[in-house]
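**Student:** Task: produce atomic coordinates for the following.
(one chain, ligands or ions: 1)
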Amino acid sequence: MANHPPENRERFGERTRLVHAGRDPSDQYGFVNTPIYRGSTVLYPTTDDFLNRRAPFPYGTRGTPTIRSLETAWSELAGAAGTVLTASGLAAITIGLLACLKSGDHLLVPDSVYRPTRGFCDGVMRRFGVETTYYDPLVGAGIAELFRPNTAAVFTEAPGSLTFEMQDIPAIVAAAKARDICVLMDNTWATPLFFPPHAMGVDICIEAGTKYLSGGSDLLLGMTSANERWWKPLHDTFYAMAICAGPEDVFLGLRGLRTMALRLKEHERQALDMARWLAARPEVERVLHPALETDPGHAIWRRDFKGASGLFAVVLKPASMTAVAAMLDGLELFGMGASWGGFESLVTPFDPAPFRTVTRWDAAGPALRFHIGLEDLDDLKADLDAGFARLTATK
Ligand SMILES: *Cc1c(COP(=O)(O)O)cnc(C)c1O
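**Tutor:** Numbering: from 1, shown residues only. Predicted coordinates for the structure are as follows:
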């Protein structure tokens, strides 16, 4: 009977593996889930054991059974040699960068990157002597022309935060591999279910577990995984800094993992339906969603990705901020706030123009980012329909 994890899980489908990964009921008195282990001190039976730190978990910062459950499950899902869990998605990014860079190195980062990543590069990384060059996210194989003798890492994110440019990850990987340059990817949008990072050649992969692993807007968590080449530097850097995730958040992450495939499929279906509906609206100039056939990134998305998640954006026809506020402030169902990936729908206005440095954001109208949740689509459309009426009625 199934109170041990099944062996050789590669032969099973993804959903079966998600159900079994990272748990062994026989270790937990038969209980299905690994419980929340809380702990700092770990006791050693003998002096010799203590002096040699001979224990499965030497100290609280070095992991617990709860943490190990999610780390091993995530490595299995991402096809990684190892994974570390951090206290937030941003911490997962910073630990990834610190694992592969040193003073005097040069780093390449896409202009469409998640904005706090840019903040870390321009602040802490610069202070520690790492120089960042921002590049056009659509550069593809042209990335090689930006390599300098001291280029040590290329950061990628597909699609780009807010603006959804599709990066050609295989082309960037091929160029970087020729020079042993580390390729990092923020894969929060697709998750390994829709983009298997390490099989695609990514060295260090970052996921904000805060988003789809949680699915509930109720925790902060990051996962940084690495292939064989980069696992030791990542492991050693992480344990030197000990920026561990909290036990409750890890437990909730494990709980979210079991249903993530189902939720993602539903977010995908709902968001694609909504994106098509928005594309047909007279108030909308264009929709930024790589799974739409009309999207400039569609060919790359179809070649490399197995699905699309619930997050996309639209550019409206020119309208005043007063009109946009009239539209958004009156919404009954959509919430407005940072983050995404939960069961609830969100909309946020944005303007990337002020913080781009090498590409231009030249949309004439205001832009909105949507996360489509699990509500009834007809209700969401009615909410937006009324919002568009307020938009057009306001000057
Ligand atoms: C939200 C987000 C993060 C950071 O996650 P937090 O847990 O909120 O720190 C990183 N990358 C992307 C693309 C995100 O959207």
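**Student:** Just the strands from the protein, written as ranges.
**Tutor:** 82-86, 106-110, 131-135, 151-157, 182-186, 204-208, 222-226, 284-288, 311-316, 346-350, 367-371 (DSSP state E).
**Student:** As TSV, the ones you listed with distance to the ligand, mean pLDDT and mean neighbour count would be great.
**Tutor:** The way it works is simple: take the backbone N, C-alpha and C, and place the C-beta from them, glycine included. Below are the strands of the chain laid out as TSV (distance: least, Cβ to the nearest ligand atom, whole Å; pLDDT from 0 to 100; neighbours: other Cβ atoms under 10 Å):
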stretch	distance to the ligand	mean pLDDT	mean neighbour count
strand 82-86	9	98	25
strand 106-110	11	98	24
strand 131-135	16	98	19
strand 151-157	6	98	24
strand 182-186	5	98	26
strand 204-208	3	98	29
strand 222-226	6	98	29
strand 284-288	15	98	19
strand 311-316	8	98	23
strand 346-350	11	98	18
strand 367-371	10	98	22
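**Student:** how about those in CSV, adding distance to P6?
**Tutor:** What follows is the strands of the chain, written out as CSV (distance: least, Cβ to Cβ, whole Å):
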stretch, distance to P6
strand 82-86, 21
strand 106-110, 40
strand 131-135, 44
strand 151-157, 34
strand 182-186, 30
strand 204-208, 25
strand 222-226, 22
strand 284-288, 41
strand 311-316, 33
strand 346-350, 38
strand 367-371, 35
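**Student:** Low-confidence bits of this protein, can you list those?
**Tutor:** For the chain, the stretches flagged by pLDDT under 70 are 1.
**Student:** So which bits of it are right by the ligand?
**Tutor:** Proximity of the chain to the ligand (Cβ under 6 Å from any ligand atom) is limited to residues 88-90, 114, 161, 186, 188, 208, 210-211, 220, 222, 339.
**Student:** Buried ones among those?
**Tutor:** Among those, those classed as buried by 16 or more other Cβ atoms under 10 Å are S88, G89, L90, Y114, S161, D186, T188, A208, T210, K211, L220, G222.
**Student:** Is it correct that N3 is in contact with R23?
**Tutor:** No: counting by Cβ atoms under 8 Å, N3 stays clear of R23, with 10.4 Å between them.
**Student:** neighbour-wise, which of those two wins?
**Tutor:** R23 (21 against 12; other Cβ atoms under 10 Å).
**Student:** Let me see the contact set for that one.
**Tutor:** P5, V32, N33, T34, S69, A73, L254 (Cβ atoms under 8 Å, 6 or more residues apart in numbering).
**Student:** Tell me if I'm right that the third one and L254 touch.
**Tutor:** Yes: between N33 and L254 there is a contact under Cβ under 8 Å: 6.8 Å.
**Student:** G387 is nearest to which of the strands of the chain?
**Tutor:** The minimum distance between G387 and the strands of the chain falls on strand 346-350, with 8.7 Å, by Cβ to Cβ.
**Student:** what residues does stretch 235-248 touch?
**Tutor:** Contacts of stretch 235-248 (Cβ under 8 Å, 6+ apart): 36-38, 60-64, 66-67, 82, 84-87, 91, 95, 98-99, 219, 221-222, 224, 226, 253.
**Student:** Helices - which of those land there?
**Tutor:** T66, I67, A91, I95, L98, A99, G253 (DSSP state H).
**Student:** how close does the second one get to L257?
**Tutor:** For I67, the distance to L257 equals 13 Å [Cβ to Cβ, to the nearest Å].
**Student:** buried sites along stretch 32-48?
**Tutor:** Neighbour count says stretch 32-48 has T34, I36, Y37 buried, by 16+ other Cβ under 10 Å.
**Student:** ok, the residue lying closest to the last one once chain neighbours are set aside - contacts?
**Tutor:** The spatial neighbour of Y37 that comes closest, neighbours along the chain excluded (Cβ to Cβ, 6 or more residues apart in numbering), is T64 at 4.0 Å. When contacts are counted by Cβ under 8 Å, 6+ apart, T64 is found next to Y37, R38, G39, F57, P247.
**Student:** Show the contacting residues for the residue lying closest to D186 once chain neighbours are set aside.
**Tutor:** Counting by Cβ to Cβ, 6+ apart, D186 lies nearest to E157, which is 4.1 Å off, once chain neighbours are set aside. Shown in contact with E157 (Cβ under 8 Å, 6+ apart): P110, S112, V113, Y114, T117, P137, Q167, M185, D186, W189.
**Student:** Helices along the stretch 251-395 of the chain, start to end?
**Tutor:** Secondary structure of the stretch 251-395 of the chain (DSSP state H, counting those that start in this stretch): helices at 260-279, 298-304, 321-329, 377-393.
**Student:** who wins for proximity to M125 among these?
**Tutor:** Smallest distance to M125 across those (Cβ to Cβ): 28.0 Å, for helix 298-304.
**Student:** mind listing what's buried in that closest one?
**Tutor:** Neighbour counts over helix 298-304 (16+ other Cβ under 10 Å) mark I300, W301, D304 as buried.
**Student:** Show me which of those residues is closest to K317.
**Tutor:** W301 (25.5 Å).
**Student:** any idea how far the ligand is from that closest one?
**Tutor:** The gap separating W301 from the ligand is 16 Å, by Cβ to the nearest ligand atom, to the nearest Å.
**Student:** tell me the contacts of that residue?
**Tutor:** W301 is in contact with P159, M166, P290, A291, D295, A308, counting by Cβ under 8 Å, 6+ apart.
**Student:** which residue sits closest to whatever residue of the stretch 51-200 of the chain ends up closest to the ligand, ignoring its sequence neighbours?
**Tutor:** Here the stretch 51-200 of the chain gets closest to the ligand at one residue, G89, 2.2 Å apart by Cβ to the nearest ligand atom. Distances taken as Cβ to Cβ, 6+ apart place A208 nearest to G89, at 2.5 Å, with adjacent residues excluded.
**Student:** Adding distance to P282, write the buried residues of helix 298-304 out as JSON lines.
**Tutor:** JSON lines is the format used below for the buried residues of helix 298-304 (distance: Cβ to Cβ, whole Å):
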{"residue": "I300", "distance to P282": "29"}
{"residue": "W301", "distance to P282": "27"}
{"residue": "D304", "distance to P282": "33"}
